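>>> This is the structure alone, sequence omitted:
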Ligand code: CTP
Ligand code: CA
């Protein structure tokens, strides 16, 4: 209510969040996608809104309701997600929680048919890196946060991504076999910055979202990362 909106930890700030997978069409009936339920990204958008931020959530195809208090823009593929990010009003904080498909297919306009003989091979082209574009673009948000889902050498890969993309923080998690992160309701996150790593215990995705929002508010308002 009014109290939260005017006095929350992120009051007065515009937060842009990407969430969910992207679907890249192979033909009109098939697509390539990453595994992502969108639960973590949507929870972050909801937590930021509860903290008083104005939130724009740019969501890939997910089976989730739009979180309360957010302006939600639904997109299908990586290029549309990038366009929606670029069309949003300038952000104070950008959080790239989407599992963006790294490659797309030069899509066929008609459905591919088996009777055409043999298995088709797909020519893939790389998608734009939305997080890197935001972090390196003009009108850079003051805080740019990425995610890294890794199956090995989690922290090393997260440090590399942080440097390569130019973001301020990477929320890294181990999605190796048995982690239960994909589609599940909990997450074991490591907050990786240029100055160090803060490892959190296994928490629900809602708790991860609330903690992340609280940390971002602290960082934004001048405390060290
Ligand atoms: N990301 C993005 N656009 C892409 C690919 C990734 O915005 N085309 C963002 C994700 O939303 C995430 C971060 O970059 O915040 C890291 O994504 P990840 O897939 O782990 O990194 P990649 O650079 O794609 O490296 P790889 O998949 O090879 O590990
Ligand atoms: Ca990737």
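Structure received. Predicted, not measured: the structure shown is a model, and the values here were computed from it. Ligands and ions are numbered 1, 2, ... in the order given.
>>> how much space between residue 82 and residue 128?
5 Å (CB to CB, to the nearest Å). To be clear about C-beta, it is placed using only N, CA and C from the backbone, and glycine gets the same treatment.
>>> can you check residue 79 too?
Relative to residue 128, and taking CB to CB, residue 79 is found at 7 Å.
>>> what does residue 110 give?
26 Å.
>>> Residue 88 too?
Distance of residue 88 to residue 128, given as CB to CB: 16 Å.
>>> What segments of this protein are strands?
Applying DSSP state E to the chain gives strands spanning 14-19, 23-27, 30-33, 54-59, 70-74, 93-96, 103-105, 124-126, 143-150, 169-174, 186-193, 196-204.
>>> and those strands as JSON lines, adding mean pLDDT, distance to residue 159 and mean neighbour count?
JSON lines is the format used below for those (pLDDT from 0 to 100; distance: least, CB to CB, whole Å; neighbours: other CB atoms under 10 Å):
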{"stretch": "strand 14-19", "mean pLDDT": "98", "distance to residue 159": "22", "mean neighbour count": "28"}
{"stretch": "strand 23-27", "mean pLDDT": "96", "distance to residue 159": "28", "mean neighbour count": "19"}
{"stretch": "strand 30-33", "mean pLDDT": "96", "distance to residue 159": "27", "mean neighbour count": "17"}
{"stretch": "strand 54-59", "mean pLDDT": "98", "distance to residue 159": "26", "mean neighbour count": "25"}
{"stretch": "strand 70-74", "mean pLDDT": "98", "distance to residue 159": "31", "mean neighbour count": "17"}
{"stretch": "strand 93-96", "mean pLDDT": "98", "distance to residue 159": "17", "mean neighbour count": "28"}
{"stretch": "strand 103-105", "mean pLDDT": "96", "distance to residue 159": "24", "mean neighbour count": "18"}
{"stretch": "strand 124-126", "mean pLDDT": "96", "distance to residue 159": "22", "mean neighbour count": "11"}
{"stretch": "strand 143-150", "mean pLDDT": "95", "distance to residue 159": "9", "mean neighbour count": "23"}
{"stretch": "strand 169-174", "mean pLDDT": "94", "distance to residue 159": "8", "mean neighbour count": "24"}
{"stretch": "strand 186-193", "mean pLDDT": "93", "distance to residue 159": "6", "mean neighbour count": "21"}
{"stretch": "strand 196-204", "mean pLDDT": "94", "distance to residue 159": "8", "mean neighbour count": "13"}
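>>> For residue 222, find the nearest of the ones you listed.
strand 143-150 (11.8 Å; CB to CB).
>>> what about that closest one, near ligand 1?
Yes: using CB under 6 Å from any ligand atom, strand 143-150 comes into contact with ligand 1 via 146-149.
>>> Please name the strands paired to that strand in the sheet, noting orientation.
strand 93-96 (parallel), strand 169-174 (parallel) (DSSP bridges).
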